[in-house]
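*Asks:* the following block contains a protein sequence and its predicted model.
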Amino acid sequence: MSWTVILPGQPPSGNHMYERNAGNQGQHKKAGVETYQAGVTTLVRAARPSGWKPDGQIIVLYRFHLSRDVDCTNAIKVIEDAIAMALRPEDPLYDRMFLPQAVFKETGVKKPSVEIQLIDPQDIRR
């Protein structure tokens, strides 16, 4: 089984995910990144089919429709963290099970979005 979610908006880059606190007291996520990830988490939770319970790895296909060009690898990191939180909030490292693949990218789009398709590899092997 596979399923698709459309994530509206231009994804932030993982290169610019964190900012330092005053006085170099560590770092925290930038507000725009947290807001984007919260939206992704909500959309993924809502779209997840009730019977979808992959056992192991998950293939995640990314189709980028962007207003401005970004390094897909950096955008994927931001999105993967949010997907992991949606699918398994008790395991913050769950994204290690993802097999990400950017399969399409276009730029200059007026209404940017990212389409993600989640696939249980067991379905491909059958």
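*Replies:* Alright, I've got the coordinates. Residues are numbered from 1 along each chain as shown.

*Asks:* per-residue pLDDT, the most centrally placed residue in the chain?
*Replies:* Nearest to the centroid of the C-alpha atoms of the chain, with distances taken as CA atoms, centre = their mean, sits I79, at 2.0 Å. The model reports I79 with a pLDDT of 96.

*Asks:* ok, the one 5 residues further on next?
*Replies:* pLDDT, the model's per-residue confidence, is 94 for A84.

*Asks:* can you count the residues close to S113?
*Replies:* For S113, the neighbour count with other CB atoms under 10 Å is 17. C-beta coordinates here come from the backbone N, C-alpha and C atoms, glycine included.

*Asks:* and P100, what does it touch?
*Replies:* V60, Y62, I76, E80 (CB atoms under 8 Å, 6 or more residues apart in numbering).

*Asks:* out of those residues, which sit inside strands?
*Replies:* V60, Y62 (DSSP state E).

*Asks:* just put the contacts of P100 in TSV and tack on neighbour count.
*Replies:* Below are the contacts of P100 laid out as TSV (neighbours: other CB atoms under 10 Å):
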residue	neighbour count
V60	20
Y62	21
I76	24
E80	21
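
*Asks:* identify, from the contacts of P100, the entry nearest to R48.
*Replies:* Using CB to CB, V60 comes nearest to R48 of the contacts of P100, at 13.1 Å.
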